[in-house]
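Trainee: Return atomic coordinates for the entry below.
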Amino acid sequence: MFSEVLDGVFKISVRGRDKEELLEISKVMNLGLDIEEMTRIRDYFSEIGRDPYDVELYGLAQAWSEHCSYKSSKRFLRKYLLSIGEVFLREDSGLREFDSEYYYVAAMESHNHPSAVEPYGGAATGVGGIIRDVLCMGAEPIALVDVLFFGPLDEPRNSYLHAMVVKGISDYGNRVGIPTVSGSVKFHESYSDYCLVNVGCIGLVEKSNVVRSRFGSPGDVILLVGGRTGADGIMGVSFASKELSEEREKERSAVQIGDPITKEPLIHAILEVRKLISGMKDLGGGGLAVAIGEMSYSAGLGAEVHLDKVHLRQKLRPWEIWISESQERMLLSVPRENLEKVRESLDFWEIEYSEIGSVTGERKVRAYYMGEKVFEIDTDFFVGALERSRPYVIEEREEKDMGVELGDIREDLLRILASPNVSSQEKVIRQYDYDVKGNTVIKPLQGRIESPGPGDASVIKAPHSWRGIALTSDVNPYYMELNPYWGAASAAEESVRNLISVNSRPDSLLDCLNFGNPEKKERMGEFVSSLKGLRLVAMEFGTPFISGNVSFYNETKRGGVVPTPAVIGIGIVEDVRKCVTMDLKSTKSYLILIGETKREMGGSQYYILKKKKYGMVPRVNPRETKRKAETILKMMNSGLILSCHDLSEGGLGVSLCEMALAGGIGFEVKIPNSYREDYVLFSESNGRWIIEVEKKNLDVVLDKISGIDHYLIGRTKKGEKLSFISDSLDLEIDLEEVEMAWRGNLKEVM
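Mentor: Alright, predicted model coming up:
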């Protein structure tokens, strides 16, 4: 079945093999291919009259993996997400117009399995990979976003994963000199003994400098640029396309090793040569094999590659060179007449490179080793994985809201402020350099230096103008657990609300779709429901999903993670000097609640505190939210709003406390009595903001919002007393107590 034909190269006998034998080949070689795929390979090689080399089978396994091919998700993505809005380009990253001269370039990826096995390296290389996705479009990366998910930190393994993932992200991002300006950290028991690490990057590129992720013309030189190819990351995409086993330590070799010290000059070199090349692609999942295949397919061309010319870190077998996922590597298509100039730039920046082959006019990919052909497959077959039509079932999970007994509201508020998904993440945020490059005008922590609050979105100023880009992220795992449709819709809508809160116009969305095993119809049903929920909001706001990825098989022996469609929102700021933050600004201003509060308590922090897993997850009315958002933006641009904060986890009570502690200012508010006071204080209904308005502008503002739901709930005041009043409530809390609880010192407060 296996015969060595060259040193380190085997031929595998597949012709004439039955199904059991084909599956045995897939298992022994760890290809991750099922019987339908193995049969297709057998038939292809039977038709051309020979058996495949191991280099060919390993290359096909990478190209056809779930991670690279999207074979289970592609048809649903086309139906629900990819038809929304206009996108200039979708390749390794998505492009949208920033202004008359520039596009912004954005991408989002997951690095879940690697981070669960080796959290420091897995998280670091996730950052490195997403930077390259933006860089390969010819764009200069200007900001990073990380969206992280862990199990409860009282379990030692979860605490270790949390600490090392954060360290991996901060070490890589800080050393490469790109600010980490936004993100979130969420906790849920389904992530225990595992973690989700989703990273995003955004860049800017002049319209004339855009580089395509495809080969240019026949005769172009194929240049492999950057880090040396080693044994790390081999079979990485196959590893990411199955459930994580209990023997995770044996899979460490599938985790790549990042090198930010190489990446920083590589960025400079790539930006310098971008006008001299005809195409470029990051080497990520599937390594050289997938990059060559996809660049060939996208251009309608082919390639000839010499694996023995690749610069190596150590001796590798040909198939290992072909599919290694070693980091800090880019594949360039260089017109021969520009080759010398490209070499000069790479030499100046001391970047290693190899001339490994050339582009051909024939739609075939060929690879050679020591002069012998070890790979020859039609391009269409190489990257043409079969789409899967997975069966799915959509379950109804919400249970009737049985209510909770009214308790001590003061104690409940403080406990929610101290809870993992509400309390301060300053210890994490401070590890990231969010100010490097000097263009972060609205930071992730806002308000007083000594006691900043959690910003709704961060804003990066464009180097060439006063325009800016706002970035935020969201998803609530507790909503998703109860109702994937409305949970996903809530994630998209809160991302939009966060962008509005800083005076930015929502322009696009990114998604990282983290789900369990798609071969299980319940998991596939969660995926389909979530896409429908995301579409509901994106269609109304006209915010296309310009980039993202699907990460299936997020399961361990404990079971699958809750469906987790993480969303990054991108907004355009017309003038960063008109941005608004969430900290209270004045002791003599008025507080207005925009939007309707409903008894939608399912998945709320209040019900989590009470250990209740029932109730209605907050619904979304994107048309009404859009109407409110447009009104708020007009008032902000007219200078009528001092501060603004979106209402989300913890509801009205938490949002008011956050605004107060960030500004160091007290308030007195009267709680609307539409429901019992605890429901009003802690409901997490969507479509709501708190705005702060000066007394001189109050009448004008009330007139402008007369056509939308709003409540004049109170005013700010001197001192550090926070007062909540209703017909049956007279609660006063010291700001110091709020701050201590929010910073994790609940025991001292209680």
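Trainee: hey, which helix or strand in the protein has the poorest pLDDT?
Mentor: The helix or strand with the lowest mean pLDDT-type score in the chain, counting by mean pLDDT, DSSP states H and E, is helix 236-239 (a mean of 54).
Trainee: Where does pLDDT dip in the protein?
Mentor: Along the chain, the model assigns pLDDT under 70 to residues 236-256, 745-750.
Trainee: Quickly list the domain ranges of it.
Mentor: As assigned by automatic domain parsing, the chain contains the domains 2-52, 580-750.
Trainee: tell me what the strand or helix carrying residue 345 is packed against?
Mentor: Under the assignment given by DSSP states H and E, the secondary-structure element containing residue 345 is helix 339-348. Packed against helix 339-348, as judged by 3 or more Cβ pairs under 8 Å, 6 or more residues apart in numbering; DSSP states H and E, are the following elements: strand 221-226, helix 260-273, strand 353-360. Yep, even glycine has a C-beta here, placed from its N, CA and C like the rest.
Trainee: go with 10 Å
Mentor: Based on contacts counted as 3 or more Cβ pairs under 10 Å, 6 or more residues apart in numbering; DSSP states H and E, the elements that helix 339-348 packs against are strand 221-226, helix 260-273, strand 329-334, strand 353-360.
Trainee: CA atoms only for the third one, dumped as PDB, please.
Mentor: In PDB, the C-alpha atoms belonging to strand 329-334 read as follows (Å, rounded to 0.1, in the frame of the first residue of the first chain):
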ATOM      1  CA  ARG A 329       5.800  33.700   5.600                       C
ATOM      2  CA  MET A 330       4.300  35.400   2.600                       C
ATOM      3  CA  LEU A 331       4.000  34.200  -1.000                       C
ATOM      4  CA  LEU A 332       4.700  36.800  -3.700                       C
ATOM      5  CA  SER A 333       4.100  36.700  -7.500                       C
ATOM      6  CA  VAL A 334       6.800  38.900  -9.000                       C
END
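Trainee: strands paired with it, and their directions?
Mentor: Strand partners for strand 329-334, identified by DSSP bridges, are recorded as strand 221-226 (antiparallel), strand 279-282 (antiparallel).
Trainee: Tell me how far that strand lies from the chain's centre.
Mentor: Chain-centre distance of strand 329-334: 25 Å, with Cα atoms, centre = their mean, to the nearest Å.
Trainee: For the stretch 1-150 of the chain, which segments count as helices?
Mentor: In the stretch 1-150 of the chain, the helices defined using DSSP state H, counting those that start in this stretch lie at 19-28, 35-48, 54-63, 66-69, 74-80, 112-117, 119-135.
Trainee: Would you format those helices as CSV with distance to residue 597 and mean neighbour count included?
Mentor: Output for the helices of the stretch 1-150 of the chain, formatted as CSV (distance: least, Cβ to Cβ, whole Å; neighbours: other Cβ atoms under 10 Å):
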stretch, distance to residue 597, mean neighbour count
helix 19-28, 55, 15
helix 35-48, 52, 16
helix 54-63, 51, 26
helix 66-69, 42, 23
helix 74-80, 30, 16
helix 112-117, 36, 26
helix 119-135, 38, 28
